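Trainee: quick check, what structure comes out for this input:
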Amino acid sequence: MVREEEKGIPVRVALRCRPLVPKETSEGCQTCLSFVPGEPQVVVGNEKSFTYDYVFDPSVEQEEVFNTAVAPLIRGIFKGYNATVLAYGQTGSGKTYSMGSTYTANQEHDPSVGVIPRVIKLLFKEKEQKQDWEFILKVSYLEIYNEDILDLLCSSRERSSQINIREDPKEGIKIVGLTERSVSSEQDTVSCLEQGNNSRTVASTAMNSQSSRSHAIFTICIDQKKKNDKNSGFHSKLHLVDLAGSERQKKTKAEGDRLKEGININKGLLSLGNVISALGDENKKGGFVPYRDSKLTRLLQDSLGGNSHTLMIACVSPADSNLEETLNTLRYADRARKIKNKPIVNLDPQAAELCRLRQQLQELQVLLLQAHGGTLPVSINSMAPSENLQSLMEKNQSLMEENQKLSRGLSEAAGQTAQMLERIILTEQENEKINAKLEQLQQHAVCKLDLQKLVETVEDEELKENVKVICDLQQVLAQLQSENAGAMEAAAEVESSEQDAAAEAEMGHDTKRSSDDFSTHHALRQAQMSKELLELNKVLALKEALAKKMSQNDSHLEPIQSQYQTNIKDLELEVSSLQKEKEELVLALHMTKKDVNQAKLSERRRKRLQELEGQISDLKKKLNEQSKLLKLKESTERTVSKLNQEIREMKTQRVQLMRQMKEDAEKFRQWKQQKDKEVIQLKERDRKRQYELLKLERDFQKQANVLRRKTEEAAAANKRLKDALQKQREAADKRKESQNRGMEGVAARVKSWLANEVEVLVSTEEARRHLADLLEDRKILAQELLQLEEQQKAGENPPLKLRRRTYSLADVQASEMDISMSKQIESLKTEMDLRSAQIADLQQKLLDADNGDRVKQRWDSIATILEAKCALKYLLGEV
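Mentor: The predicted structure is shown next:
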């Protein structure tokens, strides 16, 4: 099916006929137009009829005209189409009234309001209903006065500033230097309209007391975008045109500046008529259109044959005295109906480019899937991916973006983790130094003193205060030690949380795949080293805690050890004394064996010896246990020293790992900087390549246009040659025929034909002159009739003081005068009816004789040089 844009949409024409004005009624004018009920058709005279899209008789109100013809165009604006409404017609035919160009805010509820105020009201009403769209409205108002463009929204001193017309290949006709005002409400737009109306040029003529002396164009530009989708938007224009009326000097009685204005008005309307004729003539389709003959046709280039929905409101007068101008307007409008416009949806340039690129991306992704062996839901030839494929593409794109974001976040987190760990290491070193100093202070002899007892025993006040200060210092040291322990615990918690966060980031990263391998490898390596560093810190913290605990245990065991050593010495002394006593007892026991009298004493000594042996064995056990404790302490010291050595090695390893992470981060930064530079260079090359490609495309387009134009010229030349050859053959045939008939036959035929044509022209001109005389006679008769009727009305009501009860000679004379005046009025009415009948008859004959193709038919009747010679000879003789 042929698309609507390709076949074109015709310009719509609405005919509007105004009622007879009092001036025309007083001149006795009759209605020369009749309307066909139920059909958009008007009949001029008896037989000549014209059909349009809409026909409004004098009884139709403004609201019906707007709702029927104009409102559909306005609703199309919100779909992205341009629209134009222009009023054309004879001066005084009701164009300004129909368009509402004299509207003020005081006429808001007046039913006679014209098209422009109703358009403004409907625009903002439709705008309020579209809550999910954002609108930007701008208005401009100009007039074309004596072929100069004047800005009606500027002050009078600035209106003469230079305004130029430019043509944009994408946006169409543009006006440089014209004021555009942003409006947000109906009141703002009406205010701009009122300001322009007050600045517009009007003057009085014999046909209209408020005649527009310039063409006015009120333009509303609308930019609309969806709130949830900034890439979809439309840009449309609405032109509301009030043309100045065509004039005849003999009717307007214009002189001086008014005459010059009328000449320029008719010049612009003539150029507009030539454009309409060129666009409406099917035989000249694709030919030259004289848009540049006037500024009016240049500004309406998009509205006539271009990108716009156009409505022409043809305004006519029904009076028979304006029949010729009315007929010209009807023919003008009938030609305009043959124009074909090609309106398109005006997308926002950026949105259209994004849509094109998005569609191209989808096509390339489909081709990529095909190349990788993917299954496609639709054929590649159609290049229209299904909704499932499109949703998958969008999901894939979002996942890729999220993956890149996570990779960047992981790299940043790894860098931040390395910095934080470095700070933690420095803090730990400082803490170690502080702890060492605290331990030294705690080992000081002052910290071991019981200062409370000393304070109680000291009597000197100054010494007592110094002791209290030392006591406070002990409390501060204890508090610092507790805070240091809390800080160590918090640091351990922070390290554990960082380790968990790094683990989570690594797990999250493992589930994604980055597009950049090197970046991903660097991020993974940083994460792995961060993980190793965190594990190392954790193990280091555990070993430090263990070493600290063992050292604390050793410190607690030191007083016990010293006590044990004292006990061991005492036990050893006791064992040695008991051993000596045992030896003495054994010796005494041997000696007592020789002496019988000392048997009892030896028995006691034996018992004592057994007790001593038991005590000695117990003391030896205690000695063994204390020696074991000493050995355990020695092994603990060895373990602590080993742990300290491992801690030093792990700290060295941690420093090396930190240095390696720094080096990797610096290498990655340099690599990224180099890659960014390469990307910028590649983008610059791509931009240059795109520019060269665009330049090549433009050159190719120019060459194609030149080639197409040359082809069209060649085809046109071929057609002209073919037509010329055809005419030549036809002329040769006619020449042969005329030669066969003889010179006398051609001369007689041309003479009779020209005599008939001249007779028709002379008769037509005489009829027109006679028609003008009849119209003037009817006008005079109407004035005389009006005067007689006024005199009759004045004579019927004399003053009361002149009335008498009896008849007199004056009464009889007055009655006779009334009778004669009534007879004169009746005769004048009869005469006017007769004149009207004669005028209607003559106008009908002129309509029958007036044929628009008459001139063309006359030229086509002369086909040979011989006939032309005969025609010129006859015409010169007649002259």
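Trainee: list the contacts of stretch 69-78.
Mentor: Contact with stretch 69-78 is made by 12, 14, 53-54, 83, 85, 115, 118-119, 122-123, 126, 130, 222, 224, 234, 236, 238, 309, 311, 313, as judged by CB atoms under 8 Å, 6 or more residues apart in numbering. From N, CA and C alone the C-beta is placed, and that goes for glycine too.
Trainee: and what about residue 139, helix, strand or coil?
Mentor: What DSSP: H, G, I helix; E, B strand; the rest coil gives for residue 139 is strand.
Trainee: can you say which of the contacts of stretch 69-78 are buried?
Mentor: Among the contacts of stretch 69-78, those classed as buried by 16 or more other CB atoms under 10 Å are 12, 14, 53-54, 83, 85, 115, 118-119, 122-123, 222, 224, 234, 236, 238, 309, 311, 313.
Trainee: just these: which are in strands?
Mentor: The strands, defined by DSSP state E, take in 12, 14, 54, 83, 85, 222, 224, 234, 236, 238, 309, 311, 313 from the buried ones among the contacts of stretch 69-78.
Trainee: does residue 294 really touch residue 264, like I thought?
Mentor: No: using CB atoms under 8 Å, residue 294 is not in contact with residue 264; the gap is 9.1 Å.
Trainee: okay, and the common contacts of the two?
Mentor: Common neighbours of residue 294 and residue 264, using CB under 8 Å, 6+ apart, are residue 147.
Trainee: that's a strand at residue 643, yeah?
Mentor: No: residue state for residue 643 (three-state DSSP) corresponds to helix; a strand is not indicated.
Trainee: so it versus residue 636, what's the distance?
Mentor: Residue 643 sits 10 Å away from residue 636, going by CB to CB, to the nearest Å.
Trainee: returning to that earlier point: residue 213: which of the ones in strands among the buried ones among the contacts of stretch 69-78 is nearest?
Mentor: Proximity of those to residue 213 (CB to CB) peaks at residue 313, which lies at 20.0 Å.
Trainee: related to what we said a few turns ago, can you tell me which two in the ones in strands among the buried ones among the contacts of stretch 69-78 are farthest apart?
Mentor: Spanning the widest gap among these are 54 and 224, at 28.4 Å by CB to CB.
Trainee: so for stretch 781-788, what's the average pLDDT?
Mentor: The pLDDT scores in stretch 781-788 average 79.
Trainee: only alpha carbons, please: show it as CSV.
Mentor: Only the C-alpha atoms of stretch 781-788 are listed here, as CSV (Å, rounded to 0.1, in the frame of the first residue of the first chain):
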residue,chain,number,x,y,z
LEU,A,781,-32.3,54.5,-7.9
ALA,A,782,-31.7,52.9,-4.5
GLN,A,783,-30.6,56.2,-3.1
GLU,A,784,-33.6,58.0,-4.5
LEU,A,785,-35.9,55.3,-3.1
LEU,A,786,-34.3,55.7,0.3
GLN,A,787,-34.8,59.5,0.2
LEU,A,788,-38.4,59.2,-0.9
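Trainee: contacts for it next, please.
Mentor: Stretch 781-788 is contacted by residues 26, 27, 28, 821, 824, 825, 828, 829, 831, 832, 835 when judged by CB under 8 Å, 6+ apart.
Trainee: compare these and tell me which has the most neighbours.
Mentor: residue 28 (26 neighbours; other CB atoms under 10 Å).
Trainee: over to the residue lying closest to it once chain neighbours are set aside: give its phi and psi.
Mentor: The spatial neighbour of residue 28 that comes closest, neighbours along the chain excluded (CB to CB, 6 or more residues apart in numbering), is residue 782 at 3.8 Å. Here the main-chain torsion angles of residue 782 (degrees, to the nearest 10) amount to phi -60, psi -40.
Trainee: now for residue 782, how many residues are close by?
Mentor: 19.
Trainee: hmm, back to that, nearest to residue 62 among the contacts of stretch 781-788?
Mentor: residue 26 (25.9 Å).
Trainee: what about the closest one, distance to residue 781?
Mentor: From residue 26 over to residue 781 the distance is 11 Å, taken as CB to CB.
Trainee: what does residue 620 give?
Mentor: Residue 620 sits 168 Å away from residue 781, going by CB to CB.
Trainee: between those two, which one's more packed in?
Mentor: Legend: neighbour count by other CB under 10 Å for residue 620 and residue 781, higher for residue 781 (19 against 12).
Trainee: state the three-state secondary structure for the more buried one.
Mentor: Assignment for residue 781 (three-state DSSP): helix.
Trainee: now it, nearest residue through space, not along the chain?
Mentor: That would be residue 832: by CB to CB, 6+ apart, it lies 5.0 Å from residue 781.
Trainee: likewise residue 421?
Mentor: Excluding the flanking residues, the one nearest residue 421 by CB to CB, 6+ apart is residue 533, at 5.8 Å.
Trainee: how about the contacts made by the one you found?
Mentor: Counting by CB under 8 Å, 6+ apart, residue 533 touches 417, 418, 421, 654, 657, 658, 661.
Trainee: now residue 163
Mentor: Residue 163 sits next to 142, 149, 150, 151, 175, 176, 177, 178 when contact means CB under 8 Å, 6+ apart.
Trainee: can you get me the centre-to-centre distance for whichever strand or helix holds the third one and its chain?
Mentor: Mapping residue 150 onto the secondary structure by DSSP states H and E places it in strand 148-151. Averaging C-alpha positions (CA atoms, centre = their mean, to the nearest Å) puts strand 148-151 30 Å from its chain's average.
Trainee: do stretch 611-631 as well
Mentor: Its chain's C-alpha centre and that of stretch 611-631 lie 100 Å apart, by CA atoms, centre = their mean.
Trainee: just list whatever residues bridge to residue 241.
Mentor: Beta-bridge pairing of residue 241 under DSSP bridges involves residue 86, residue 217.
Trainee: count the neighbours of it for me.
Mentor: Using other CB under 10 Å, residue 241 has 23 neighbouring residues.
Trainee: rewinding a little: got a winner among the contacts of residue 163 for most neighbours?
Mentor: Within the contacts of residue 163, most neighbours by other CB under 10 Å means residue 142, with 25 neighbours.
Trainee: confirm that it sits in a helix.
Mentor: No: secondary structure assignment (three-state DSSP) places residue 142 in strand, not in a helix.
Trainee: so it touches residue 149, yeah?
Mentor: Yes: applying CB under 8 Å, one finds residue 142 in contact with residue 149, separated by 5.7 Å.
Trainee: list residues touching both of the two?
Mentor: Common neighbours of residue 142 and residue 149, using CB under 8 Å, 6+ apart, are 163, 175, 178.
Trainee: ok, the residue lying closest to the last one once chain neighbours are set aside to residue 240 distance?
Mentor: The one in question is residue 178. The shortest distance from residue 178 to any non-neighbouring residue, by CB to CB, 6+ apart, is to residue 140 (5.2 Å). According to CB to CB, residue 140 stands 11 Å off from residue 240.
Trainee: look at the two and report which has more neighbours.
Mentor: A count of neighbours by other CB under 10 Å puts residue 240 above the other of residue 140 and residue 240, at 25 against 20.
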